[in-house]
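Colleague: fold the following, please.
(one chain, ligands or ions: 1)
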Amino acid sequence: MSEHSRIPLVAVLGTPVAHSRSPALHGYWLKRYGIKGHYIPVDVAQADLETVLRTMPKMGFVGANVTIPHKEAILNIADVITDRAALIGAANTLIFRKDGKIQADNTDGAGFIANLRQNAAGWVPSSGPAAVFGAGGAARAVIAALIEVGVPEIRLANRTRARADALRSDFGAKVHVYEWVQAEAMIDGATTVVNTTSLGMTGKPDLVLPLSTLSPAAVVTDLVYTPLKTQFLIEAEERGATVVDGLGMLLHQAAPGFERWFGQRPEVDEATRAAVLSA
Ligand code: NAP
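Modeller: Numbers count the residues shown, from 1 in each chain. Modelled structure (predicted):
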């Protein structure tokens, strides 16, 4: 089959991968824009990741998303790594280039920012410090993005302090590490507050923080999107803050990949949200 007549294929690679919402999201966009293409979940063990990746372009795959547990390991396999993926130390979007090289990018941070810009209209990143809870893989993308858009100070707390200290040494002096018990002081004066921990997810305990110092002018967001509105967001909203759920980040991080693979910038709107929620 010639290059030109091939229907573009894209996969999300992970293990387990059945829970991923990405096939529903990309499938929705493909249908909406009338694009001939396929996006499928592929369960790949860590040991097979490189073999699978090197074979995929020969099968007509033009790229892939990578999810748990491959987001970090992929950097040892990719031929070209974007600066932001290198800084974050993980990638979620792969492009299989015409020259045969695998390019790895990370769009989580851009998705995080796009979600806030779309859903918290008055959000001004430079207006004050950000309080970030959690220091896992997602926190790295969030912190890199917050610094890039001009947040002057990042106050960071994590259950395991050493992980927060590692982020401080990777991202520099704008990051100030707090103990978890200092949450009240962290939130005091913060104009952006972010939960990047997995607390609050269905089946996990809630994220419980003292919100007495939370400003009603703050924008509060949660990366968790199952449930859509976490207890943490409910409490922040009760205090008058603007709250933004994590689903928009998932949708926005997917858009650059879709555009690269299928040649169409997809819209992230209510219809997109509804399509993913009903899948
Ligand atoms: P991760 O690397 O495993 O990090 C998990 C984080 O949660 C760590 O900071 C961990 O603290 C903390 N944590 C877990 N259980 C805790 C507990 N019982 N008490 C206090 N802290 C706890 O995971 P990740 O990739 O960063 O993902 C974090 C969350 O973000 C997940 O819910 C994920 O689904 C979500 N996420 C959403 C999007 C989106 O598009 N909306 C994108 C990426 C991730 P320790 O370091 O102490 O273990």
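
Colleague: all helices for the protein, in order.
Modeller: Under the criterion DSSP state H, the chain contains helices at 22-32, 49-55, 83-88, 108-119, 137-148, 161-171, 183-187, 231-238, 247-262, 270-277.

Colleague: so for the residue lying closest to G122 once chain neighbours are set aside, what's the pLDDT?
Modeller: Among residues not flanking G122 along the chain, T242 sits closest, at 7.4 Å (Cβ to Cβ, 6 or more residues apart in numbering). Backbone N, C-alpha and C define where each C-beta goes, glycine included. According to the predicted model, the pLDDT of T242 comes to 98.

Colleague: bridged to the nearest residue to D222 once chain neighbours are set aside, which residues?
Modeller: The spatial neighbour of D222 that comes closest, neighbours along the chain excluded (Cβ to Cβ, 6+ apart), is N195 at 4.5 Å. For N195, the residues forming beta bridges with it (DSSP bridges) are F133, D222.

Colleague: residues contacting N195?
Modeller: The contact partners of N195, taken as Cβ atoms under 8 Å, 6 or more residues apart in numbering, are F133, G134, L207, T221, D222, L223, V224, T230, F232.

Colleague: please work out how many residues are found near A45.
Modeller: Residues lying near A45 (other Cβ atoms under 10 Å) number 10.

Colleague: measure it to the ligand for me?
Modeller: Using Cβ to the nearest ligand atom, to the nearest Å, one obtains 19 Å as the distance from A45 to the ligand.

Colleague: re earlier: how about the residue nearest to G122, what does it touch?
Modeller: By Cβ under 8 Å, 6+ apart, the contact set of T242 is A120, G122, W123, A218, V219, V220.

Colleague: ends of stretch 65-85, what's the gap?
Modeller: 13 Å (Cα to Cα, to the nearest Å).

Colleague: repeat that for stretch 83-93.
Modeller: End-to-end distance for stretch 83-93: 13 Å, by Cα to Cα.

Colleague: tell me the buried residues in it?
Modeller: By neighbour count with 16 or more other Cβ atoms under 10 Å, stretch 83-93 contains the buried residues R84, A85, L87, I88, G89, A90, A91, N92, T93.

Colleague: now tabulate those residues in JSON lines and tack on pLDDT.
Modeller: What follows is those, written out as JSON lines (pLDDT from 0 to 100):
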{"residue": "R84", "pLDDT": "94"}
{"residue": "A85", "pLDDT": "96"}
{"residue": "L87", "pLDDT": "93"}
{"residue": "I88", "pLDDT": "94"}
{"residue": "G89", "pLDDT": "94"}
{"residue": "A90", "pLDDT": "94"}
{"residue": "A91", "pLDDT": "97"}
{"residue": "N92", "pLDDT": "96"}
{"residue": "T93", "pLDDT": "98"}
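
Colleague: now these as CSV including distance to A64?
Modeller: Shown next, in CSV, are the buried residues of stretch 83-93 (distance: Cβ to Cβ, whole Å):
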residue, distance to A64
R84, 18
A85, 14
L87, 21
I88, 18
G89, 19
A90, 14
A91, 10
N92, 10
T93, 8
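
Colleague: how about the residues of the stretch 1-150 of the chain by the ligand?
Modeller: Within the stretch 1-150 of the chain, the positions adjacent to the ligand are D108, G134, A135, G136, G137, A138, A139 by Cβ under 6 Å from any ligand atom.
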